[in-house]
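Q: Next one to model:
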Amino acid sequence: MAPPTNISSIFQYLRLTKNHSIILTSFVLLFSLLTLLNLPLTSNFFKSTPTSTSNTNSSAYFFSNTSTTIAPQSIITSFSNNSAAKQSILIASPPTRSLSKNNSSLVITSPLPRILPKKNGSTLVRKMNNSCDIFDGKWVFDDFDPFYTSGSCPYVDSTFNCFNNGRSDLGYLRYRWQPYGCDIPRFDGEIMMKMLRGKRLVFVGDSLNRNMWQSLICLLKMFKTSVMKHESAHSFHFKDFNCSIIYIGAPFLVQRWQLPALEGAKTPRETLRLDTIEDHISKYHDADFLIFNTGHWWNHNKAKNGENFFQEGDVVHRKMDVGEAYTKALNTWAKWVDKYVNTNITQVFFLGFSAIHFRGGQWNSGGSCHGETEPITDEKYLKPYPWMMRSLESIISKMKTPVMYLNITKMTDYRKDAHPSIYRKFKKKKHKERTQDCSHWCLPGIPDSWNQLMYTSLLSS
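A: Down below sits the predicted model:
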């Protein structure tokens, strides 16, 4: 008799030998092994498990952050052009709690695959066996084309459309984010749209979140099979997938307010209600995905130097430090999320602080970044970690709601070369030489990588 080569032939061989003790012992050992690995005891398991020669590779991983473990069970699916070849594997992963060295970032705690397109249309999944913080890495030069070509997306604000505004040096598009110790999947519009089918994804925050929102619209526009309807200035609906992607402007996350003008004044007093969430946010509490951010408006200029601006209840504080007010506002946001967001329906993200690169002044005092053509390469030249992020991380860690924290601060600090600088639209020509934009990002550009990291995290859930 030929030697057995698989599970079925092993049992057939043992049956023919009529050695029942061997059969019983073998069965007990196999049962123990499958129980230990938490694998199903069915014949379908042996039929469906891919072999080393399978043309579709699969892996699974999950995420944890400062507040909780996300998705103890995870799925990742690899696609090929042949629909019959599509398959996925669900692997039950034990919950773990893993934090980065600065206790601030989303950490991948089991093998992370990289998904790259192959010429035949299938996907290549490459595993790396170590855990890593996907926000701790560097920018590396890459021959991959950008996710979409410069000037090709009609939904980019003129202030972000550097190519159409005359920027001709496009070398800044030839870098990709590379975490230390692992690779991340390249953004795939088809997979992303399938994850968003029948759902609402809402960005809430300042103009950096608008930067990211427009990037995502452009990334998904490149997925040719979807039909997109422009519902309003800040809302897009993908009809083929019944999916809406929306932006809500709320730069402080809490409510801006107006009080009656003081005696002798002509205009109402503007205040910021630190104890009240922005009105427009409440109607989206049941969205499937909420991506919040705030940060760039918490400065002495926007906050009127903290004088007669911050309000709690009926009290307008004569003077309050901007940092104290920021922390109070974030606590208001956190309490609102914990009270009104149903985690069985909604997944919450928070986009961290995006670095700025003004030289010789600030945005309103002659600061510039024009002429920068390469990223920072030495980590020692990065700025100190922002105090605002440490405050945010402390608040998130105390929330009962799981929050996916997209800690983009370090990755953006390297990229002094990718701002619009002078390549932006100006309402008045006289402002062109005086005011540069070293806060926002050209599109295509850095926000595409933020969406790639969000896409990576959604693959886990």
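Q: which stretches of the stretch 101-250 of the chain form strands?
A: All strands of the stretch 101-250 of the chain, identified by DSSP state E, counting those that start in this stretch, fall at 107-108, 112-117, 123-128, 132-133, 137-141, 175-179, 200-205, 228-232, 235-238, 243-249.
Q: ok, and what's touching the last one?
A: Strand 243-249 is contacted by residues 193, 196-207, 209-210, 213, 216-217, 220, 231, 234-238, 278, 280-281, 284, 287 when judged by Cβ atoms under 8 Å, 6 or more residues apart in numbering. From N, CA and C alone the C-beta is placed, and that goes for glycine too.
Q: least trustworthy helix or strand in this structure by mean pLDDT?
A: strand 87-92 (a mean of 24; mean pLDDT, DSSP states H and E).
Q: just to revisit the earlier point, which one of the strands of the stretch 101-250 of the chain lies nearest to E312?
A: The closest of the strands of the stretch 101-250 of the chain to E312 is strand 200-205. By Cβ to Cβ, the value is 21.8 Å.
Q: domain assignment for this structure?
A: Split into domains by automatic domain parsing, the chain comes to 7-48, 63-136, 171-459.
Q: Excluding chain neighbours, give the residue nearest to Y180 in space.
A: G137 (5.2 Å; Cβ to Cβ, 6 or more residues apart in numbering).
Q: Which strand residues bridge that neighbour?
A: P179 (DSSP bridges).
Q: doesn't D183 make contact with it?
A: No. Between G137 and D183 there is no contact under Cβ atoms under 8 Å: 10.1 Å.
Q: Next, show the common contact partners of those two.
A: By Cβ under 8 Å, 6+ apart, no residue touches both G137 and D183.
Q: Flag the shaky bits of the stretch 301-450 of the chain, pLDDT-wise.
A: 360-366, 426-434 (pLDDT under 70).
Q: which stretches of it form helices?
A: 322-340, 387-397, 409-413, 446-459 (DSSP state H, counting those that start in this stretch).
Q: I'd like to know which of the ones you listed is closest to F350.
A: Per Cβ to Cβ, nearest to F350 of the helices of the stretch 301-450 of the chain: helix 387-397, 6.7 Å.
Q: Between helix 322-340 and that closest one, find me the angle.
A: 20 degrees (axes from the mean of the first three to the mean of the last three Cα atoms, to 10 degrees).
Q: List buried members of the contacts of strand 243-249 by neighbour count.
A: Buried members of the contacts of strand 243-249, scored by 16 or more other Cβ atoms under 10 Å, are 193, 196, 199-207, 209-210, 213, 216-217, 220, 236-238, 278, 281, 287.
Q: so what's R210 closest to, chain neighbours aside?
A: That would be Y247: by Cβ to Cβ, 6+ apart, it lies 5.5 Å from R210.
Q: hey, what's that neighbour bridged with?
A: Applying DSSP bridges, one finds that Y247 bridges with F203.
Q: any idea how far Q214 is from it?
A: Between Y247 and Q214 the computed distance is 8 Å (Cβ to Cβ, to the nearest Å).
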